[in-house]
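**Student:** Here is a sequence with its predicted model. Questions after.
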Amino acid sequence: MIRPPVCVWLALPCLYLLLPPRATGAPDQAIGDPRPARVDALFSAWDKPDSPGCVTGVMEQGKLLFAKGYGLADTARGVPLSPDTVFDIASMSKQFTAANIGLLVLDRKLALTDDVRASFPELPIDAPVTIDELIHHASGLRDYAELNMLRGVEPIDNKGVIALLARQKALNFPPGSQTAYSNTNYVLLAELVQRTTGKTLATFARERVFGPLKMQSTRYAGSVSADPANLANSYVPAAGGKLIPVPRAIQTVGDGNLLTTVRDLARWDENFYTHRVGGKALIRMMRAPATLTSGEHIPYGFGLMFDEYRGVPTEAHGGSYHGFRTELLRFPQQHFSISVLCNVATADAAGLAHQVADIYLGAALRPQPPPIAPPAEVKIDQQTLDAYAGEYVIQVNGQPHVLLFGRRGDRFFSQFFGEPAFELLPFSATEFFPKTQDARFVFERAKDGAVSSVTLHRASGDLVARRNVAAASPEKLGELAGIYYSEELDAHLRLEILDGHVIVNIGPERRFPLLQISASRFVMPAGGTFEFRRGEAGRVSGFDYSSDRVRGLAFVGPAAVAGALARHH
């Protein structure tokens, strides 16, 4: 449910430590089969006596072929991970929520074309929004998780989400015209189950899905006090390279908060072939991609993302919440699936799942092209590297992000604003390779010789980042300082100027720097933009906040806020 890093197309290197494998809960393997040992080596980075880690399951032709845990469910008590350890699978939960809606459609209690405003009269939505548009993220509803982040308030439950939505005055786009991932959609779907049946999603799913499939360890979580004893703790990085546990708190239900194990996921996965729950009609429904009003098909179904890997079709969905990282990857033509459930935020569950597929499905997959050996490195003088250093603005899905380049001694690095840095290796005076990726950066100069842009060449297409030349005088920056208010959030943000930089304060503890990319626009780490407005005499009257998941959220101030506060007192 957390926004993924901006640099997903340039994954950072994974550090695999050469440690002897220690795993628990493994089913019997065929004698002489080398694949389990290769999986052990793949997960060896987490297989340590003081580390959280991952559990993986391999399903083939209806059998849980392989299942092991690597690392600890609780580092303080030394409890090992196993195939019976329960995880919060975060956004992987969406396919289960969508399936329960599908069952109600098959029961003829709902239709995918139903306008959800009839069930949620408290939401001020001007245009019809269908159930189908909620499922396929085509509703235009803003993402509550990002709205709540801007309020500086955590946690929030479904009731709180409905109250927050009731304050919204606009959508991201006309329903059905685009898609933009929004957790809000699946919270509304969970509430729709209850408003339709009189039963909570947790009760309905237990009766109609988890019970029939004998998924005895699976349930939508309720109060934290009712969490099962074998639920893994989750861990995030902290200062000094430490990993610390994240306390569980109340969460929303529907977009996430489903607790399960790799054994139960194997039972769920097999339903895509046996059709025990919902029959073939439910599976067909779940595999239908989104269709926009333009007729364009979007490869997202009922909580399933459709793609291919090495020439073979896949359907998958992952999850990311606090320290949990999860992935369920299915190869339907091969009747083969992989689950990876991790309780540490530094694990790449999706990447690990695909690497397990390489081990078990190698013969069925298109051969991988041999790695392209980068040209021999050349020596670049520090003056040239310094000429490339700076900020560059790149557009991703219509939203600006900032790439930073800089030198550390003789070494050259890049990073997306707010993300970890990665090293670049030169192989000509203008071209650089990321140290671990098949991509390259090429710097270009304008006619006057000044460095003007850098192009990122990658397999999925080129991206051009323009040199950021925006700058404001200290006096102009000072005009932005103050308190801003959003009626749609009923929350304030405070902007201050510190050492020549604009800092946004969200709630009592969160502070983020902003980078200026135009006369009126600033970018926050992870890509949110602040577009400042000016009124009479050029005075700052407020700003609009936009991102991939929240667009055009208006804030007023600081003069308007000061006036309102004065009237209040």
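**Tutor:** All right, it came through fine.
**Student:** Buried residues of the helix or strand Met285 falls within, list them for me.
**Tutor:** Using DSSP states H and E, Met285 maps to helix 279-286. The neighbour-count check on helix 279-286 (16 or more other C-beta atoms under 10 Å) flags 282-283, 285-286 as buried. (Glycine included, C-beta is placed from N, CA and C.)
**Student:** try stretch 219-226
**Tutor:** By 16+ other C-beta under 10 Å, the buried positions in stretch 219-226 come out as 219-221.
**Student:** pLDDT, secondary structure and distance to Leu477 added to these, as TSV?
**Tutor:** Shown next, in TSV, are the buried residues of stretch 219-226 (pLDDT from 0 to 100; DSSP: H, G, I helix; E, B strand; the rest coil; distance: C-beta to C-beta, whole Å):
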residue	pLDDT	secondary structure	distance to Leu477
Arg219	97	strand	51
Tyr220	97	strand	47
Ala221	94	coil	45
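**Student:** hmm, back to that, give me the contact list for the helix holding Met285.
**Tutor:** Residues from elsewhere that reach helix 279-286 (C-beta atoms under 8 Å, 6 or more residues apart in numbering): 95, 98-99, 102-103, 105-106, 271-272, 275, 301-304.
**Student:** Let's have those in CSV, adding neighbour count.
**Tutor:** CSV is the format used below for the contacts of helix 279-286 (neighbours: other C-beta atoms under 10 Å):
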residue, neighbour count
Gln95, 22
Ala98, 24
Ala99, 23
Gly102, 22
Leu103, 21
Val105, 19
Leu106, 14
Asn271, 18
Phe272, 17
His275, 14
Gly301, 21
Phe302, 24
Gly303, 24
Leu304, 22
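**Student:** Which of those residues fall within strands?
**Tutor:** Among the contacts of helix 279-286, no member falls in strands (DSSP state E).
**Student:** Turn these into CSV, including distance to Asn505 and pLDDT.
**Tutor:** Below are these laid out as CSV (distance: C-beta to C-beta, whole Å; pLDDT from 0 to 100):
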residue, distance to Asn505, pLDDT
Gln95, 38, 98
Ala98, 38, 98
Ala99, 42, 98
Gly102, 44, 98
Leu103, 46, 98
Val105, 45, 98
Leu106, 49, 98
Asn271, 48, 98
Phe272, 47, 98
His275, 53, 98
Gly301, 40, 97
Phe302, 40, 98
Gly303, 36, 98
Leu304, 39, 98
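**Student:** quick one: which helix or strand includes Ile483?
**Tutor:** Ile483 belongs to strand 482-486, assigned by DSSP H and E.
**Student:** buried sites along that strand?
**Tutor:** Across strand 482-486, burial judged by 16+ other C-beta under 10 Å covers 482-486.
**Student:** same question, stretch 413-433
**Tutor:** Buried residues in stretch 413-433 (16+ other C-beta under 10 Å): 413-419, 422, 424-427, 430-433.
**Student:** And for stretch 243-258?
**Tutor:** 243, 245, 248, 250-258.
**Student:** follow-up on the earlier one: check which helices and strands the strand holding Ile483 sits against.
**Tutor:** Strand 482-486 sits against strand 491-498, strand 540-546, strand 553-556, helix 559-568, with contacts defined as 3 or more C-beta pairs under 8 Å, 6 or more residues apart in numbering; DSSP states H and E.
**Student:** mean pLDDT lowest for which of those?
**Tutor:** Mean pLDDT is lowest for helix 559-568 out of those, coming in at a mean of 58.
**Student:** what about the lengthiest helix in the chain, distance to the chain center?
**Tutor:** Criterion DSSP state H: the longest helix present in the chain is helix 183-197. Chain-centre distance of helix 183-197: 21 Å, with C-alpha atoms, centre = their mean, to the nearest Å.
**Student:** Quick one: mean pLDDT over stretch 397-409.
**Tutor:** Stretch 397-409 carries an average pLDDT of 91.
**Student:** element containing Ala387, please.
**Tutor:** Per DSSP H and E: helix 382-388 holds Ala387.
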